[in-house]
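**Student:** Dropping a prediction and its sequence here:
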Amino acid sequence: MTRRTVVRTLVHVSLIAATVIVLLPLVVVLLTSLKTDKEMANTSGALELPHDLLNFHNYVTAFQDGEMLTAFTNTAIILVVSVGGTVLIGSMTAYAIDRFTFRFKKLVVVLFLTAALVPGVTTQVATFQIVNSFGMFDSLWAPIALYMGTDIVSIYIFLQFVRSIPISLDESARLDGANAFTIYRKIIFPLLKPAIATVVIVKGITVYNDFYIPFLYMPSEDLGVISTSLFRFRGPYAAHWEVISAGAVLVILPTLIVFLSLQRFIYNGFMRGATR
Amino acid sequence: MTDTTQKAAVEVIPAAPVPAPPSRRTRVWRGVTPWLFLIAPLALLVTFTYAPLLNMVAYSFTDWDGVSPVLHYTGAENYQEVFTRPDLFEVFWVSGYYLAASVVQIVLALYFATVLSFNVRFRNFFKGVLFFPYLINGVAIGFVFLYFFQDGGTLDSVLSLIGVKTDHAWLGTPGSANTSLAAVSVWRYLGLNFVLFLGAIQSVPGELYEAAELDGANRWHQFRHIIAPGIKPVLTLTVILSISGSLSVFEIPYIMTGGATGTETFVIQTVNLAFRFNKTGLASAAAIVLLLIILLVTWVQRRLVPDDKVDLV
């Protein structure tokens, strides 16, 4: 064996090891979710296969008792409104900042940029008081407002894109008598499509997975989103790992489907989102 | 990156010969237009970022409980408490586990990104596998790994397969619990670093590798002299994100252990102080300390690596 084949083999071994480490915990949870409570009590190890691979009983229990339908509905509402709002707010901010000269522009830009340095987790104590004073506490409005109001990354992404759109397009439209709103609506916004896709993906996944904000701001049981509803499994099902596993799989499955169908865009989206 | 000041100067020059000077009404309208676009974003920004920030500074000098209508100022007492009460400051040591884990994470991510940027069989499959955990819901990850570390759970079963019999309570002692939790965090976040590095490596022009290969450079030389300098900006960004991430760990330990057995992190403590024990004043001071540390780290990084990519204006 030459040195090169040794290296190549080692590389493959490392990749396969990583794959096992990533997938094993997930596969075991999937297997566990298909076991009956009797099997859970009798079998010796987590790695054993379930007797019936089509036993979906735990999923029914998790879905019904865990009020997953409410959770998915709430998540969907928050997702659509806050992602839509983020796209509008981000693109309008980027348009205004890039295409106009106005007094205090520098200040506005600095305000937006500095905000990116303040991690949300650190200010939550005081944000809570503000949300509370608006009467938004324990309503869907709290997470919606917070997701829309504190997303600086999407403003960055839009800003980059607006810059790449030639100003001559605006100017010729203006000569044709279009005002700023028409230009934004008919020229800028449609040309922002790639940036919008990025923001929708990055923001959508963040909102779908977020635990901190719904946990703090929506304690009511009927306001559970998927994170908080799943979290509540801890109490009633503490000893029933088969039901908890089914709940976890139910939450992971939509992510997996979206990931498999949009892989390429998701990678690109996160690269753009993080390096801004 | 374009320079805005230059662009702004270009913009004021009319694009076409203007027949008559714009009337007063048009001029006012022009001045108002950008603000119409900015009103909603600015209102949200001020309400949910700057107002809380200012309030928090004010709260941090009070012994407020979060409910009472009057604020009672106590000077710097809260800050003194944060720094002198050992149980409050102790949580910072927990961050050490996560910091160590992020070193492992960055090295692994760098390795896999380098390996997978060359032609390897099933490349896209491996890419997908490594990245996917980053997209999974934190609560689901918490449960997956609670089961993983459980007595007789996945880890014990795997170890008994290779002949190691343990009845180790993985989450039972502070050292082992924190190591386990930090390992979960590597499992979860490796993919993000990996994808960022991969993107940076791929933006290095391909001819450089070809030229290097002609010159007889091996993979290590290529990494050392082409890849490493090429991804420096992303690398420093990652280091910053890792440090501030290690300081503000919340989800995984909160979901898995609730902060028990010495796994309480700074954010868990702050959330408990503020929302369980109603010590809003003290929690605010603690949060400000954390914020200042994170800002300091960011500032040091900008100093060390002046990077025009980060500067957007």
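**Tutor:** Now that the structure is in, tell me what you want to look at. Computed from a predicted structure; not experimentally measured. Numbering: from 1, shown residues only, chains lettered A, B, ... in the order given.

**Student:** in the stretch 1-150 of chain A, what spans have low per-residue confidence?
**Tutor:** Low-confidence segments of the stretch 1-150 of chain A (pLDDT under 70): A:1, A:43-44.

**Student:** now do the stretch 201-313 of chain B
**Tutor:** In the stretch 201-313 of chain B (pLDDT under 70), the answer is B:305-313.

**Student:** got the residues of it near chain A?
**Tutor:** The stretch 201-313 of chain B comes close to chain A at residues B:219, B:233-234, B:237, B:241, B:244, B:248, B:250-251, B:255, B:267, B:270-271, B:274-275, B:280, B:283-284, B:287-288, B:290-291, B:294-295, B:298, B:309, B:312-313, as judged by CB under 8 Å from any CB of the partner chain. Quick note: C-beta positions are derived from backbone N, CA and C, even for glycine.

**Student:** taking these one by one, which sit in strands?
**Tutor:** Within those, no residue falls in strands by DSSP state E.

**Student:** Restricted to helices, list the residues you listed.
**Tutor:** B:219, B:233-234, B:237, B:241, B:244, B:251, B:255, B:267, B:270-271, B:274-275, B:280, B:283-284, B:287-288, B:290-291, B:294-295, B:298 (DSSP state H).

**Student:** Just the buried ones from those?
**Tutor:** B:219, B:234, B:237, B:241, B:244, B:251, B:255, B:267, B:270-271, B:274-275, B:280, B:283-284, B:287-288, B:290-291, B:294-295, B:298 (16 or more other CB atoms under 10 Å in any protein chain shown).

**Student:** I'd like to know which elements the longest helix along chain B is packed against.
**Tutor:** Ranked by number of residues, the top helix in chain B under DSSP H is helix B:174-202. Packing contacts for helix B:174-202, counted by 3 or more CB pairs under 8 Å, 6 or more residues apart in numbering or on different chains; DSSP states H and E, involve helix A:3-33, helix A:241-275, helix B:91-117, helix B:123-131, helix B:138-149, helix B:232-247, helix B:251-256.

**Student:** for the helix or strand following it, packing partners?
**Tutor:** Proceeding N to C from helix B:174-202, the next assigned helix or strand is helix B:206-214, under DSSP states H and E. Helix B:206-214 sits against helix B:219-222, with contacts defined as 3+ CB pairs under 8 Å, 6+ apart.

**Student:** which parts of the helix it packs on are buried?
**Tutor:** For helix B:219-222, using 16+ other CB under 10 Å, the buried residues are B:Arg219, B:Gln222.

**Student:** From the rest of the structure, what touches it?
**Tutor:** A:Val7, B:Phe118, B:Tyr209, B:Ala212, B:Glu213 (CB atoms under 8 Å, 6 or more residues apart in numbering or on different chains).

**Student:** and the second one, how many neighbours does it have?
**Tutor:** Going back to what we said before, that points to B:Phe118. Around B:Phe118 there are 12 other residues, counting by other CB atoms under 10 Å in any protein chain shown.

**Student:** Identify, from the contacts of helix B:219-222, the entry nearest to B:Ser60.
**Tutor:** Closest to B:Ser60 out of those is B:Phe118 (51.7 Å), distances taken as CB to CB.

**Student:** what's near enough to touch the closest one?
**Tutor:** B:Arg219.

**Student:** how about it, phi and psi?
**Tutor:** As for B:Phe118, its main-chain torsions (degrees, to the nearest 10) stand at phi -90, psi 170.

**Student:** So for A:Ile77, what's the nearest residue that isn't a sequence neighbour?
**Tutor:** A:Leu140 (6.1 Å; CB to CB, 6 or more residues apart in numbering or on different chains).

**Student:** Ramachandran coordinates for that neighbour?
**Tutor:** The phi/psi pair for A:Leu140 (degrees, to the nearest 10) is phi -60, psi -20.

**Student:** surely it meets A:Ile78?
**Tutor:** Yes - look at A:Leu140 against A:Ile78 with CB atoms under 8 Å: they come within range, at 5.9 Å.

**Student:** Compare the two and say which is more crowded by neighbours.
**Tutor:** When neighbours are counted by other CB under 10 Å, A:Leu140 and A:Ile78 differ, and A:Ile78 comes out ahead with 24 against 18.

**Student:** number of nearby residues for A:Phe63?
**Tutor:** Neighbours around A:Phe63, by other CB under 10 Å: 17.

**Student:** ok, now how distant is B:Trp35 from B:Gly245?
**Tutor:** Distance check for B:Trp35 against B:Gly245: by CB to CB, to the nearest Å, it reads 36 Å.

**Student:** Tell me which residue of the stretch 101-250 of chain A lies closest to chain B.
**Tutor:** A:Gly149 (3.4 Å; CB to the nearest CB).

**Student:** so the nearest residue to that residue once chain neighbours are set aside is in which element?
**Tutor:** Spatial nearest neighbour of A:Gly149, excluding adjacent residues (CB to CB, 6+ apart): B:Leu44 at 3.4 Å. Secondary structure from DSSP H and E places B:Leu44 in helix B:24-45.

**Student:** A:Ile157 against A:Val199, yeah?
**Tutor:** Yes - contact criterion CB under 8 Å: A:Ile157 and A:Val199 qualify, at 5.8 Å.

**Student:** Next, show the common contact partners of these two.
**Tutor:** Joint contacts of A:Ile157 and A:Val199 (CB under 8 Å, 6+ apart) are A:Gly90.

**Student:** quick one: B:Phe132 from B:Trp170, how far?
**Tutor:** Distance, B:Phe132 to B:Trp170, using CB to CB: 24 Å.

**Student:** whoops, B:Lys127 was the one
**Tutor:** 30 Å.

**Student:** Same question for B:Ser180.
**Tutor:** Counting by CB to CB, the gap from B:Ser180 to B:Trp170 is 5 Å.

**Student:** Quickly list what's touching both of those two.
**Tutor:** B:Phe149.

**Student:** My guess is B:Ile293 contacts B:Leu247. True?
**Tutor:** Yes - applying CB under 8 Å, one finds B:Ile293 in contact with B:Leu247, separated by 6.3 Å.

**Student:** These two: who's more crowded?
**Tutor:** Just comparing B:Ile293 and B:Leu247: by other CB under 10 Å the higher neighbour count belongs to B:Leu247, 24 against 18.

**Student:** and that one, what is it in contact with?
**Tutor:** Going by CB under 8 Å, 6+ apart, the list of residues near B:Leu247 reads B:Phe92, B:Ser95, B:Phe266, B:Leu290, B:Ile293, B:Ile294.

**Student:** what's the answer for B:Val91, then?
**Tutor:** B:Val91 neighbours (CB under 8 Å, 6+ apart): B:Glu264, B:Thr265, B:Phe266, B:Ile268, B:Gln269.

**Student:** Which pLDDT value goes with the nearest residue to the third one once chain neighbours are set aside?
**Tutor:** The spatial neighbour of B:Phe266 that comes closest, neighbours along the chain excluded (CB to CB, 6+ apart), is B:Val91 at 4.8 Å. Model confidence at B:Val91, expressed as pLDDT, equals 87.

**Student:** Return the backbone torsion pair for A:Gly84.
**Tutor:** According to degrees, to the nearest 10, A:Gly84 has phi -60, psi -50.

**Student:** From chain B, how far off is it?
**Tutor:** Distance, A:Gly84 to chain B, using CB to the nearest CB, to the nearest Å: 13 Å.

**Student:** neighbours of that residue, just the number please.
**Tutor:** 14.

**Student:** ditto for A:Gly204
**Tutor:** So A:Gly204, with other CB under 10 Å, has 17 neighbours.

**Student:** pretty sure it is in contact with A:Gly84, am I right?
**Tutor:** No - with contact taken as CB under 8 Å, A:Gly204 and A:Gly84 are classed as non-touching, separated by 10.6 Å.

**Student:** before we move on, what SS does A:Ala96 have?
**Tutor:** In three-state terms, and counting by DSSP: H, G, I helix; E, B strand; the rest coil, A:Ala96 is helix.

**Student:** show me the contacts for it.
**Tutor:** B:Pro34, B:Trp35, B:Phe37, B:Leu38.

**Student:** give me that answer again for 7 Å
**Tutor:** B:Pro34, B:Phe37, B:Leu38 (CB atoms under 7 Å, 6 or more residues apart in numbering or on different chains).
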